[in-house]
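**Student:** model the following, please.
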Amino acid sequence: MKKNVIYLNDWLAIHPYTTVCSSDTFFVELANKLYAACHLEELPETFRKNLSLYVAAYLEDIISGLGLWQGFTTAHSRLYGRCLPFYPTGKDYMKGEVNLEDIRFIIWNTWQKAPYSHGYVNPLDTSILKQAQAFLPLLEEAYEVAPENELLKDYFAGYADEKEADRKLSWLFGHTYLTEPSMLPYIERVAPDDRFIIPIGPLALFLHEWIELLAGKQATCWKSVPRLYQEEKEMPETVLQKNSEIYRLFTLWTGGRKIIYLNGYDSLKRFLVEILQWPDDENHTLPQMKSCRNFVLMVDEQKGLLLAKDVCEYIADTENPYYDQEEASQNAFRMLTEEMLCPPDLLHYCIEKNLLPDAELPEVGEKMLVKLNADFIARHSLLYYYRGD
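**Tutor:** Modelled structure (predicted):
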């Protein structure tokens, strides 16, 4: 008999309580069986343990009525019209039961977000499928006999006091099997109030959006939790007026277009000074951009001017004379995954208008999968840099 490598304290670390409940021993045993069946040698041991815990917690979620997996697939369906990214669900897919496609996603999500040096993980990698197939019979067998964790049933339907609400939200933010992978690199540095303004994986949802999914009709009671529902900050009138004038001058020169492509710093400076009428001094003409090859400028009536540098080659816009298909094939995927490479508004526009048709998975050359899942890939990879202004 193989020695256990996963213990109760490992299991409790991804749960919102510290006292062992009656179902915990069963799921720790399951996690150890999963670990023994885990042969993803590319994944360091720590993350193979995490993966085994997460897959066991997925079953616990389904059995116990926590609703985390259901909330995720509901949100994904609302956004994209299908339950899951990457993995089509056929007639054999049963909501509320164990599914191969679900397991594949959990493996991919855990691997992709694992904070060690590695490239972008191909969701269709055969090792993910083989691992999911190895896990499936263990989960199907456990599904028939697994006990409910009564503490998790309708867990987010309410709370006794502010302290309990805070504990539940802290767990949801960065310690569940679905949200912990995206938060592992940052969780120790996140201040308590920042939890309410940082979106979390896999879908870059804010805590209040998760609560709406998990609590359903009972979500109303969560509105009294301080700062959970953030009020949208109003821009000062002077800033709005300034941005409105930038918008007017920009669209007057472009004939109504909200995006332009410029080659080199001299073109940028000339546009800022001659078209937008900014002062010709180093405080306004962005001299720190002198070494950049090219620029995309986008204008918004309220936000004013948005700028991305050195990405013109990747954007297949008929108005973009600097688009380069070969460069795009090699680098356009970075726009979906690299923080701060592209302002969120421009990224959303490019995805919506299908302006990144050459974006492909690195080393694999897969374009259609990226095209069908571009927005999800950006949400999953960028989080705040997808949702923020």
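
**Student:** mind listing the helices for the stretch 1-150 of the chain?
**Tutor:** When assigned using DSSP state H, counting those that start in this stretch, the helices of the stretch 1-150 of the chain occupy the ranges 8-12, 24-36, 45-64, 68-80, 100-113, 126-145.

**Student:** dump these to TSV, plus distance to residue 340, mean neighbour count and mean pLDDT.
**Tutor:** Placement of C-beta: from N, CA and C, glycine included. Formatted as TSV, the entries for these read as follows, by distance: least, C-beta to C-beta, whole Å; neighbours: other C-beta atoms under 10 Å; pLDDT from 0 to 100:
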stretch	distance to residue 340	mean neighbour count	mean pLDDT
helix 8-12	35	15	97
helix 24-36	37	20	98
helix 45-64	26	23	97
helix 68-80	23	18	98
helix 100-113	19	23	98
helix 126-145	29	16	98
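
**Student:** of all those, which lies closest to residue 183?
**Tutor:** Checking those against residue 183 by C-beta to C-beta gives helix 100-113 as the closest, at 8.8 Å.

**Student:** can you check what angle separates that closest one from helix 24-36?
**Tutor:** Here helix 100-113 runs at an angle of 80 degrees relative to helix 24-36 (axes from the mean of the first three to the mean of the last three C-alpha atoms, to 10 degrees).

**Student:** helix 100-113 to helix 126-145, inter-axis angle?
**Tutor:** Going by the same axes, to 10 degrees, helix 100-113 makes 130 degrees with helix 126-145.

**Student:** averaged pLDDT, the helix or strand hosting residue 335. What do you get?
**Tutor:** With elements delineated by DSSP states H and E, residue 335 resides in helix 334-337, which encompasses its position. Averaged across helix 334-337, pLDDT comes to 97.

**Student:** try stretch 171-189
**Tutor:** If you average the pLDDT values across stretch 171-189, you get 94.

**Student:** show me what counts as buried in it.
**Tutor:** Residues 171-184 are the ones in stretch 171-189 that count as buried (16 or more other C-beta atoms under 10 Å).

**Student:** gap between the residue nearest to residue 213 when sequence neighbours are not counted and residue 115?
**Tutor:** The shortest distance from residue 213 to any residue other than its chain neighbours is 3.6 Å, reached at residue 71 (C-beta to C-beta, 6 or more residues apart in numbering). As for residue 71, its distance to residue 115 is 25 Å (criterion: C-beta to C-beta, to the nearest Å).

**Student:** looking at it, the residue nearest to residue 213 is touching residue 211, isn't it?
**Tutor:** No - using C-beta atoms under 8 Å, residue 71 is not in contact with residue 211; the gap is 9.4 Å.

**Student:** how far away is residue 139 from residue 324?
**Tutor:** Using C-beta to C-beta, we find residue 139 at a distance of 47 Å from residue 324.

**Student:** phi, psi for residue 189 please.
**Tutor:** phi -100, psi 0 (degrees, to the nearest 10).

**Student:** go on, residue 298?
**Tutor:** Here residue 298 shows phi and psi, under degrees, to the nearest 10, equal to phi -130, psi 140.

**Student:** what comes up buried for stretch 273-285?
**Tutor:** Using 16+ other C-beta under 10 Å as the burial criterion, the residues of stretch 273-285 that qualify are 275, 276, 278, 285.

**Student:** noted, bye for now.
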